[in-house]
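Below are the sequence and a predicted model; questions follow.
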Amino acid sequence: MLMTSTVEHRLHRRDRKTALLAVGLFLAANLVRFVLLRDTGDRSVQIDYALIPFAYWAARKLGFGHGIQTVLGAGVAVLVIGGDLLDIMARRFNWSHGVVIDYAASMPDLPWPVIGPFVGLGMLAAGLCLVPFAVHRHAFPIWPLGVLVGALLAANALIYSGTRGDLDLSRLTHSFVSHAVTGTVNRLFIGRTLTPFAGSTMAGDLRREAPESLPPQILSVAVESLGLASDPARRTLLRPLLTVLGQRYAVRFGAHRFDGSTLPGEIRELCGLQADGIPNTPALLARLGATCLPARLRRLGYDTQALHGNGPLMYDRRAVYPAMGFNRRWFDADLRRAAPGTGTCPGTAFAGVCDADVYARALSLFDGRRRFVHVLTLDTHLPLPTSGAPACDSAFAGNPGLCRYAQTTEASMRSLGQAVLGATHPPELIVVYGDHAPPFAATIARAQFAPHQVPYAVLTRMPGAEERLIH
């Protein structure tokens, strides 16, 4: 009897330790999260981390075998940690959260040499979370963690629905899992993934033009990670383009607000819409066709073509581009077939064709007839290599990452200018814009750019006259 009592006492003590360990894991994970988000103003508590110990507790309560418990717990840990890492990136870089499941089909086009080590670290972190719970074969008390999470949810409800709801505070609690679920339901069933963009866009500017006044040949260039420098003295990234074309085109500068990553940047400018996730359901694709500039121009008799040096799977552009109104799409395989001998661009995060080759193909499409050509660049996608970078004479000298970024962006713009200059039929209108600010991991580099704005330049060809650069 005494021995039974001693064993029970030890089990209860171990259960208490495991219950406290579950609370400690939840708090420690959020402490790390606070550190990663310290310069974003986000102080929310990620409640999803409570799902890891809860998965083990529920599996054991339901009487599942130890193997099933471990597999279930591992799956939940990977989902929570991987999802929150994506969410942290979205919050740091002012990207839309998107829907994680949408990116599964993009795996062949992802830069695995870059993201592979991070995936490995995430799996390792998930494994460390599993060890304390996988070794126990019976259910432990979950109520301490439940009380903590319940108190946080109650406090969040009181703060943001009561008299203090007007305070300028971040949400107290956050859940990537609930966001992904509601985002998926929204995209698949409700259809509110696309909303009107509240700001100036290329589509909005050209929509105001009468059809007969639209130029016959239009070039749209979305420059990957083209940011608007916070210091006006550093707004030099477009200078090589203007140096080449300044005597042939009048230039108007501006800045557009952005919210989201690359595809939302394209949809913003080409459609005047804000995308949250990939709009690849039938209803959303139909809305793109009814709204986007390429579809409108196509109805006016323009030939519309889109070019991107990477593959068609990323952001499901194989479905999105046709819906936007592009009757011809050029991706890496298409560009290589059109120009045999074209190799993989060295030093880029995503494998694909270099911007210079894409520009050459894009400008060759203009033949004097009505045509709208859209280019999404690739060379400047971060991360960029910093080893072996020569001395940087740009305004971003002094920081290897900024220096390489400036060099690569300026080289891309110089290639664009040279392609336009050498074209048999140069476009009458060129619109160049950034998709989003450069997502540098280092705060000091990221702070050099406006967090919510990207540059925008309109170049209007003035043939047969001495042209003057308009600042």
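Received it, and whenever you're ready, just let me know what you need.

Tell me where the model's unsure across the protein.
Within the chain, the ranges that satisfy pLDDT under 70 run 1-13, 39-41, 90-105, 118, 129-138, 161-170, 386-391, 393, 464-471.

Now do the strands in it.
Along the chain, counting by DSSP state E, strands occupy 45-46, 173-174, 194-196, 217-223, 249-257, 273-275, 303-308, 328-330, 371-376, 429-434, 453-461.

Can you lay out those as JSON lines showing mean neighbour count and distance to residue 286?
In short, each C-beta sits where N, CA and C put it, glycine included. JSON lines is the format used below for those (neighbours: other C-beta atoms under 10 Å; distance: least, C-beta to C-beta, whole Å):
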{"stretch": "strand 45-46", "mean neighbour count": "24", "distance to residue 286": "36"}
{"stretch": "strand 173-174", "mean neighbour count": "20", "distance to residue 286": "33"}
{"stretch": "strand 194-196", "mean neighbour count": "14", "distance to residue 286": "11"}
{"stretch": "strand 217-223", "mean neighbour count": "25", "distance to residue 286": "22"}
{"stretch": "strand 249-257", "mean neighbour count": "17", "distance to residue 286": "26"}
{"stretch": "strand 273-275", "mean neighbour count": "23", "distance to residue 286": "13"}
{"stretch": "strand 303-308", "mean neighbour count": "24", "distance to residue 286": "17"}
{"stretch": "strand 328-330", "mean neighbour count": "19", "distance to residue 286": "18"}
{"stretch": "strand 371-376", "mean neighbour count": "25", "distance to residue 286": "20"}
{"stretch": "strand 429-434", "mean neighbour count": "23", "distance to residue 286": "26"}
{"stretch": "strand 453-461", "mean neighbour count": "20", "distance to residue 286": "28"}
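
okay if I get those strands as TSV plus distance to residue 290?
TSV is the format used below for those (distance: least, C-beta to C-beta, whole Å):
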stretch	distance to residue 290
strand 45-46	38
strand 173-174	34
strand 194-196	11
strand 217-223	19
strand 249-257	23
strand 273-275	11
strand 303-308	15
strand 328-330	20
strand 371-376	17
strand 429-434	22
strand 453-461	25
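
Go through the ones you listed and name the closest to residue 123.
Between residue 123 and those, the shortest gap by C-beta to C-beta is with strand 45-46, which sits at 18.7 Å.

returning to that earlier point: which of the strands of the chain sits closest to residue 412?
Nearest to residue 412 among the strands of the chain is strand 217-223 (6.9 Å), distances taken as C-beta to C-beta.

which residues sit in contact with residue 153?
Counting by C-beta atoms under 8 Å, 6 or more residues apart in numbering, residue 153 makes contact with 47, 173.

what separates it from residue 172, distance-wise?
From residue 153 across to residue 172, the span is 9 Å (C-beta to C-beta, to the nearest Å).

Residue 375 versus residue 250, what's the distance?
Distance of residue 250 to residue 375, computed by C-beta to C-beta: 21 Å.

Nearest to residue 145 among the strands of the chain would be which one?
Nearest of the strands of the chain (C-beta to C-beta): strand 45-46, 12.7 Å.

That closest one - which strands sit beside it in the sheet, and in what orientation?
Using DSSP bridges, strand 45-46 pairs in its sheet with strand 173-174 (parallel).

from memory residue 125 sits against residue 80, does it?
No: here residue 125 lies out of contact with residue 80, judged by C-beta atoms under 8 Å, at a distance of 10.3 Å.

could you measure the residue nearest in space to the middle of the chain against residue 181, distance?
Closest residue to the average C-alpha location of the chain: residue 261 at 3.1 Å, with C-alpha atoms, centre = their mean. Separation of residue 261 from residue 181 (C-beta to C-beta): 21 Å.
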